[in-house]
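K.L.:
quick one, what's the 3D model for this:
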Amino acid sequence: MLFNSLIFTIFLPVVFAVYWILKPKYRNFFLLLASYYFYYSYNPVFVLLLFGTSAFDYWCAREIDKTLTRKKLYLTLSLISNLGILAAFKYSAFFYNSFFGTFQLITGTTFNYVEDFIIPAGLSFYTFQSISYTVDVYRGKYKANDSLYQFLLFVSFFPHMVAGPIVRYNTLMPQFKIVSYFKNINWQSFATLTTWGYFKKLVIADNLNLIVTPIFNDVDAYSGLELLLGGFLFVIQVYCDFSGYSDIATGISKLFNINLSLNWRRPLLSSSLHEFWKRNHISITTWFRNYLYIGLGGNRVPYERWLLNVFLVFVISGLWHGANVTFIVWGSIHGVFYIGEIFLRKWFPNFYVPKPLGWFYLIVFHTLSLIAFRASNVVDLTNIYSTIFSFKTNYFSLEHLLNLQDRFFFVIILFVSFVLFIKEINEEFALLNRYKTIYDFAKPLLYICFIVLIFILGNFSANTFIYFQF
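P.N.:
Numbers count the residues shown, from 1 in each chain. This next block holds a predicted model:
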């Protein structure tokens with residue numbers, strides 16, 4: 001079930017109404033059933049996987065909490081279970097084809113490539129949330145004294161289960177354990193977050209997809225400038241698609257008086273890669289820092305090993321996104337440039353980059369690196385980069401790009417991208433907030449305009465969210 005599907009417009013009001021009609025002691029049980037139905041609607045078989053992994057992690061956490069001598073054993077079992085399932089669904093076909101493909105090149109023998117498995121929606125997100133719990137119990141941060149249904153709800157709460165944000169136990173679980181009241185619903189936050197989230201998804205991301213996808217599906221047909229513009233448009237698309245999901249999830253959670261963690265803080269306004277990763281996809285960045293980077297030793301190791309830890313985190317986070325060499329390239333590029341900024345700050349501590357210049361550097365870098373994220377395979381990626389950096393005679397041609405849609409469509413794209421930019425700038429510098437009278441009048445008017453634009457310009461093809469595949 002997708003947030004932008006017709007069935008969800010029925011599912012959410014029903015769940016909302018029943019939840020508040022029920023007595024408080026039954027609400028979480030119902031919310032758990034609703035969350036499992038939400039996931040069941042995507043693929044019934046995968047509900048068993050969701051329940052099995054969650055229940056097993058719950059048992060491991062309980063055992064970790066009870067024993068004094070075998071804590072590491074049960075933690076290892078939890079990690080093997082979760083990472084093993086991730087590997088089986090996301091990477092087994094990739095490693096099989098890579099190994100036997102290399103063997104074929106060396107020996108000249110032939111073998112049959114296998115297709116990738118269907119990946120359960122949000123597999124990486126809900127397994128990572130479950131892993132964080134067992135690790136934190138192992139580290140002594142929490143006691144594993146919750147009931148099974150409470151833990152299952154913590155993992156499967158439907159607004160954020162399939163694409164985040166990944167919420168820590170101490171942030172989400174206490175909210176399920178207190179009695180909340182209908183009168184405390186923050187209707188304004190619900191309305192503004194969901195409206196803006198749907199605007200970003202339906203009006204910006206899904207319309208940009210009509211340009212971006214044809215370009216990356218036939219990279220040899222486009223000029224260097226067209227490929228570069230395609231990469232830049234994908235930067236906007238993936239940001240609006242993913243942050244749009246997070247906004248909708250956070251807004252919907254307000255209907256149940258649940259506050260989710262902040263996941264995005266205007267990353268495209270960053271002026272360095274270090275700043276970007278403090279603002280971008282905050283929940284997963286925090287997860288990798290707390291459970292991978294620290295596990296590798298963090299900065300409590302020799303300097304060279306610390307740099308290696310930083311690089312490995314980026315490479316592994318790239319591989320987390322998918323079983324493709326292009327994701328490893330994307331992660332490696334970020335690791336190299338992130339370390340490059342570390343060296344720059346070490347060697348030139350007084351070096352100052354004006355913010356506009358730093359922003360331009362970040363956008364150019366993000367565009368070029370995200371091309372690796374979007375490219376279908378290494379061959380396409382190589383062709384894209386060679387075309388962009390070759391500066392052939394037809395480099396500045398826009399003929400094929402402009403033939404993808406009529407001219408009015410491109411005017412719409414420019415307009416909605418401008419709306420995104422203005423809103424991000426306003427939030428960054430709180431421009432309207434300085435004038436309370438204007439702000440109080442302009443804010444509701446703007447969101448009414450967003451709703452109207454959603455119905456006029458929105459793409460209602462029920463396109464899946466990009467990060468569902470991760």
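K.L.:
for residue 280, which non-adjacent residue is spatially closest?
P.N.:
residue 267 (3.6 Å; CB to CB, 6 or more residues apart in numbering). Backbone N, C-alpha and C define where each C-beta goes, glycine included.
K.L.:
look at that neighbour and report its pLDDT.
P.N.:
In this model, residue 267 is scored at 95, pLDDT.
K.L.:
OK, contacts around it?
P.N.:
Residues counted as contacts of residue 267 (CB atoms under 8 Å, 6 or more residues apart in numbering) are 239, 276, 279-281.
K.L.:
got those residues as a markdown table, with neighbour count columns?
P.N.:
Output for those, formatted as a markdown table (neighbours: other CB atoms under 10 Å):
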| residue | neighbour count |
| --- | --- |
| 239 | 23 |
| 276 | 20 |
| 279 | 17 |
| 280 | 21 |
| 281 | 23 |
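K.L.:
nearest to residue 253 among those?
P.N.:
Using CB to CB, residue 281 comes nearest to residue 253 of the contacts of residue 267, at 17.9 Å.
K.L.:
now the spatially closest residue to that closest one that is not a sequence neighbour: how far from residue 246?
P.N.:
The spatial neighbour of residue 281 that comes closest, neighbours along the chain excluded (CB to CB, 6+ apart), is residue 263 at 6.5 Å. Relative to residue 246, residue 263 is positioned 4 Å away (CB to CB, to the nearest Å).
K.L.:
hang on, the earlier thing: how much space between the residue nearest to residue 281 and residue 329?
P.N.:
25 Å.
K.L.:
neighbour-wise, which of the two wins?
P.N.:
Legend: neighbour count by other CB atoms under 10 Å for residue 263 and residue 329, higher for residue 263 (26 against 21).
K.L.:
which strand or helix spans that one?
P.N.:
When elements are assigned from DSSP states H and E, residue 263 belongs to no helix and no strand.
K.L.:
can you list residues touching both of residue 263 and residue 246?
P.N.:
Shared contacts of residue 263 and residue 246 (CB under 8 Å, 6+ apart): 164-165.
K.L.:
in what helix or strand does residue 63 lie?
P.N.:
Assigned by DSSP H and E, residue 63 belongs to helix 44-66.
K.L.:
which other residues reach that helix?
P.N.:
Contacts for helix 44-66 (CB under 8 Å, 6+ apart): 36, 39-40, 70-71, 74-75, 77-78, 81-82, 85, 120-121, 126-127, 130-131, 133-134, 137-138, 143-145, 148, 151-152, 155-156.
K.L.:
what's the answer for stretch 73-80, then?
P.N.:
The contact list for stretch 73-80 (CB under 8 Å, 6+ apart) reads 56-57, 60-61, 63-64, 67, 130-131, 134-135, 138.
K.L.:
need the contact list for the closest residue to residue 232 other than its chain neighbours.
P.N.:
Nearest residue to residue 232, sequence neighbours excluded (CB to CB, 6+ apart): residue 367, at 4.7 Å. Shown in contact with residue 367 (CB under 8 Å, 6+ apart): 228, 231-232, 235.
K.L.:
picking up where we left off before, among the contacts of helix 44-66, which lie within helices?
P.N.:
With DSSP state H as the criterion, helices contain 36, 39-40, 71, 74-75, 77-78, 81-82, 85, 126-127, 130-131, 133-134, 137-138, 148, 151-152, 155-156 from among these.
K.L.:
ok, of the contacts of stretch 73-80, which one's closest to residue 190?
P.N.:
Residue 190 lies nearest to residue 130 out of the contacts of stretch 73-80, by CB to CB, at 27.5 Å.
K.L.:
please, which helix or strand holds the residue nearest to residue 232?
P.N.:
Using DSSP H and E, residue 367 sits in helix 355-374.
K.L.:
check the offset of that helix from the chain's centre.
P.N.:
In terms of CA atoms, centre = their mean, to the nearest Å, the centre of helix 355-374 is found 18 Å from the chain centre.
K.L.:
for stretch 280-294, same thing?
P.N.:
12 Å.
K.L.:
likewise stretch 74-83?
P.N.:
In terms of CA atoms, centre = their mean, the gap separating the centre of stretch 74-83 from the centre of its chain is 24 Å.
K.L.:
and if you look at stretch 427-436?
P.N.:
Stretch 427-436 sits 28 Å away from the centroid of its parent chain (CA atoms, centre = their mean).
K.L.:
list the contacts of it.
P.N.:
The list of residues contacting stretch 427-436 from outside it, by CB under 8 Å, 6+ apart, reads 266, 269, 425-426, 438-439, 442-443.
K.L.:
quick one: buried ones out of those residues?
P.N.:
Buried subset of the contacts of stretch 427-436 (neighbour count, 16 or more other CB atoms under 10 Å): residue 269.
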